[in-house]
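Colleague: Sequence first, predicted coordinates after that:
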Protein chains: 2
Amino acid sequence: MVATLKDVAKKAGVSRSAVSRTFTPGASVSDKTRKLVEKAATELGYRPNILARGLSTRSTKLVGLISNNFHNPIFLEVFDRFTQGLQERGLRPLLVNLTDEVDPRNSVQMLRQYSVDGVIVASSTLPPEFAVAFRDAGIPVVNSFGRYSTEPKVHVVGIDNVACGRMAADTLAVRGYKRVGFVGGPRDATSTQDRFHGFMEQMEKHRGIDVQFSFASAYSYEAGRAEMQCLLGEGPLEAYFCGDDVLSIGVMSAVRDAGLSVPDDIGILGLNDMEMAGWEIFNLTTIHQPIQQIINSSVELIVAMLEEPDRYPETRLFPCKIIERGTLRPDPAKQVPVEA
Amino acid sequence: MVATLKDVAKKAGVSRSAVSRTFTPGASVSDKTRKLVEKAATELGYRPNILARGLSTRSTKLVGLISNNFHNPIFLEVFDRFTQGLQERGLRPLLVNLTDEVDPRNSVQMLRQYSVDGVIVASSTLPPEFAVAFRDAGIPVVNSFGRYSTEPKVHVVGIDNVACGRMAADTLAVRGYKRVGFVGGPRDATSTQDRFHGFMEQMEKHRGIDVQFSFASAYSYEAGRAEMQCLLGEGPLEAYFCGDDVLSIGVMSAVRDAGLSVPDDIGILGLNDMEMAGWEIFNLTTIHQPIQQIINSSVELIVAMLEEPDRYPETRLFPCKIIERGTLRPDPAKQVPVEA
DNA sequence: AATCATATTGCAACCGGTTGCAAAAAAAGC
DNA sequence: GCTTTTTTTGCAACCGGTTGCAATATGATT
C-alpha cells in the first residue's frame, strides 16, 4: 500500500542505499541520483518510516510526556506549550496519563518498549525518585516543575518553591496582615512541602504575626473549597496563601459563599498565574510561575541530552514574581502618592 | 545496554523464535521452554521492543490524538479521558497540537511516518475534510466532536449540534424570554453553524420572540467577554445562548462588569457542562455534552477499526440534556407546586 | 514396537530502514 | 593519456523483532 525504500529504489533504478542516503542529511549522493530518487519519491508519495529508521539509528524522535495532573487547568497550558515546543524541534510527544500511579516501573518499561529518545516528567506532585527511575534505565529525563536538590540526579527545571513560600510570607507581612494561613496542596507533594517551609520560615522573621496552616487533598477547586469551609468554621484569619491558583479559587468560592468579601474581609494570594487568574471575576493576586520559560528550557535541555546523554545533571530555576490584582490589600509601599 | 531477543535466546539456550513465541499470545511453545525463556527474560529485564515488532506485525499500538483546542478548559477533560481510555486498551496516544494548522497533509504524512494504528481527530472546529484525509491515506480515523453527515465518509462521534440549538431555543422560549440572542463560537466551525441553525430554525416556531445573533472569534473567555461588551453597547437582550461554557463565562463576566445581574437582568445558557460550569461562582445553566460517553465510544470505535479497517463509517450521536443551575429563570413547568 | 497424528522447534526470510566497506566511477594531477 | 586521489555507489550485514515452513520431538494408537 504505502511506498517503501525498495519501491523507490526500483522506480529510480538505483540501490536502496542510494535512496536512504538521499533522505539522510549529509550523506554522500551525487546530484544526478538525488534528482532521480527525489522524482521517484514524490511520484510515489514516499516518506521514510521513522520507526524503522529508529531501529538502526536508535533515535525515534519520540519523547514521553508524563503527567499526573489532568484536573488543574494550568496543565492545559502546560500541554499546549510542551507539544508546541517539542513539535518545533521535530520531536513527538507520547502522552502518558499517570492518574493514581506512583510507581515509575510500569512507565519506564512501557516507554523503553517504545524506544523513546527521552522523557519529560511534568509534575510538581510526583516524588523525585520517579524521574530518577528513568535515568537509571538509561533514558534521558527532565523533571519539569520538580524539586531542586543539592546533589541532583536528574535535570530539574522549575521554580524555587521555598523562595516562593518566602515571597508569599513577605507579601502578606508587608501588607500588614497579622493573622494569616497557609493552605497547601497535597501534603506529600514536594512543591507543597517546599512552599510550606519557605512560608513558615520567613514568617518567623516577621514579629507578631499569627500563622496557621492546613493542607487540601489535591490541587483542585473542590479541595480548596472544602478545606476553606472547614477553616471558616474554626474562625477565619485575615489572609491566606494558597499553594495554587485553582485552590485559591476554591477557597475564594467558600469565602464568598459564607457572605464574606475578598479582599475586604479575607485576602487571598495564589500561585501560578494561570490564564484564569486574570479573569475579571477572580482577579486573583498571585505569584507568577514562568511556565513558558520553564517549558522552553525543559525542551532545550531534553534536546541537549539527546546529543550528550551523559550531560551533568543541571538544575534550572526561574524567578517568580508577584502579580498584583485584587485579592489582597494594596502594598502600602507601592501606593500611588496622593498629590499634595 | 538493554536486553534484546537475542540475548534472551542465548541465555535461555533456545532459538530467537522460541523467545518471540513466548511473548506472542497464542503461539506454540512448550511449557519447558516457556519457563526457560521467562526465567532468562526476567533476569535480563527483557521486554519486547514494540516498534520493532510493529515492523512485522504492522501494529504499533500508537494512536494519533489530534486537536487544535488547547485553550478551552474542557479539553483538559477530553485529554484526560482519551489518554485513560486508550491506555486501558493498551494503546498509546501520540499527541498532535494543531494550533493554527488547517491543512491535514502534514499531519497525515507525519503520522504515517510513525505508522500509527489509527487517528482520533478531537475537535469541533476543524472541517470534516480533515478527518477524511486520514481515511484517504488508509489510516483508520474517528472524528470526535465532529459534524454529522448524511453520507459519512469517516466515523463521527459526538452530539447533534442542530438538536442542541433547538433544545436551547425551546429552553429559552419556555422560560418566557421574549428577546434573545445567540452568541456563537467561530463562524467557520461546523459546531457553531449547526448550533446556530438549530437555534434559529426552532425559534421561528416560537411566536413573538425577537432573535439576534453574533459570533465570537473563538471558543474562549476573552472572545466571549469582548463580544458581549459590544452587544451590551447595542442594548442588551433578556437572555443569550452561548455556544460553549467558557464563552458563557466570558459573557457573564462582561454582564456583571456592566453592573447587571445574571439571571435577573440577563439570562445565560451555556453548552458543554464542563467541570467549571458547576463551580458555585458561575453556577451555569448549560446543555450537558456527554463527553465521557463520546470518548468511550470513540475509543471503542477506533479499536474496532483496528480489527476491521474497512468497517462501514458510522455516526454515533449522543443525547444532550439541560443542566439546571442558576443562570436562567426557572422553568415554569417544573416549579415545585406550592402547597394549597 | 511400529505407525501415525500432533506439538514444538529452529532455520531463514522478511518488516523498512541504515551504514561500513570495498569496488566503481569521476575528478585531479602530471 | 595514464596514474592518483576523491567521490559515489551497491553489497551485505545489521537494528529487534515475527512467522511460514520443514524438521524434529512428543504422545497416542494399535
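Modeller: All right, it came through fine.

Colleague: can you list the residues of the stretch 1-150 of chain A near chain B?
Modeller: Selection of the stretch 1-150 of chain A residues close to chain B by Cβ under 8 Å from any Cβ of the partner chain yields A:1-2, A:47-52, A:54-55, A:60, A:62, A:65, A:70-71, A:73, A:75-77, A:79-80, A:83-84, A:87, A:92-97, A:99, A:109-110, A:112-115, A:138. (Each C-beta comes from the backbone N, C-alpha and C, glycine too.)

Colleague: try 7 Å this time
Modeller: By Cβ under 7 Å from any Cβ of the partner chain, the part of the stretch 1-150 of chain A that sits against chain B consists of A:1-2, A:47-52, A:54-55, A:60, A:70, A:73, A:75-76, A:79-80, A:83-84, A:87, A:92-95, A:97, A:99, A:109, A:112-115, A:138.

Colleague: Derive a ChimeraX selection command for the buried subset of those residues.
Modeller: Buried residues among the residues of the stretch 1-150 of chain A next to chain B (16 or more other Cβ atoms under 10 Å in any protein chain shown), as a ChimeraX selection:
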select /A:48,49,50,51,52,54,60,70,73,75,76,79,80,83,84,87,92,93,94,95,97,112,113,114,115
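
Colleague: wouldn't A:Ser107 be in contact with A:Ile66 here?
Modeller: Yes: between A:Ser107 and A:Ile66 there is a contact under Cβ atoms under 7 Å: 6.3 Å.

Colleague: overlap in contacts of the two?
Modeller: A:96, A:98 (Cβ atoms under 7 Å, 6 or more residues apart in numbering or on different chains).

Colleague: more neighbours, those two?
Modeller: Shown here are A:Ser107 and A:Ile66; by other Cβ atoms under 10 Å in any protein chain shown, A:Ile66 has more neighbours (27 against 20).

Colleague: mind checking how far stretch A:208-225 is from the chain centre?
Modeller: Chain-centre distance of stretch A:208-225: 22 Å, with Cα atoms, centre = their mean, to the nearest Å.

Colleague: nope, stretch A:305-323 is what I was after
Modeller: Remark: stretch A:305-323 is offset 12 Å from the chain centroid, using Cα atoms, centre = their mean.

Colleague: Please work out which residue of the stretch 51-200 of chain A is closest to DNA strand D.
Modeller: Of all residues in the stretch 51-200 of chain A, the one sitting closest to DNA strand D is A:Leu55 (3.3 Å; Cβ to the nearest atom of the strand).

Colleague: OK, contacts around that residue?
Modeller: Listed by Cβ under 7 Å, 6+ apart, the contact set of A:Leu55 reads B:Ala52.

Colleague: mind checking how far it is from A:Ser115?
Modeller: 8 Å (Cβ to Cβ, to the nearest Å).

Colleague: Give me the residues contacting stretch A:135-144.
Modeller: Stretch A:135-144 is contacted by residues A:108, A:111-112, A:116, A:118-122, A:131, A:134, A:153-158, A:294-295, A:298, A:301-302, A:305-306, A:309, B:1 when judged by Cβ under 7 Å, 6+ apart.

Colleague: Now with 8 Å, please.
Modeller: A:64, A:108, A:111-112, A:116-123, A:128, A:130-131, A:134, A:153-158, A:294-295, A:298, A:301-302, A:305-306, A:309, B:1-2 (Cβ atoms under 8 Å, 6 or more residues apart in numbering or on different chains).

Colleague: near DNA strand D too, which of those residues?
Modeller: With Cβ under 7 Å from any atom of the strand as the criterion, those include B:Val2 near DNA strand D.

Colleague: From the contacts of stretch A:135-144, list just the buried residues.
Modeller: Neighbour-count burial (16+ other Cβ under 10 Å) applied to the contacts of stretch A:135-144 gives A:64, A:108, A:111-112, A:116-123, A:128, A:130-131, A:134, A:154-158, A:294-295, A:298, A:301-302, A:305-306.

Colleague: Next step: those restricted to strands.
Modeller: In strands, judged by DSSP state E, the following of the buried ones among the contacts of stretch A:135-144 are found: A:64, A:118-122, A:155-158.

Colleague: what touches both of A:Leu55 and A:Ser115?
Modeller: Residues touching both A:Leu55 and A:Ser115 (Cβ under 8 Å, 6+ apart) are B:Leu51.

Colleague: tell me the phi and psi of A:Phe215?
Modeller: Note on A:Phe215: its backbone torsions stand at phi -130, psi 130 [degrees, to the nearest 10].

Colleague: That one - how many residues pack around it?
Modeller: Counted with other Cβ under 10 Å, residues neighbouring A:Phe215 total 19.
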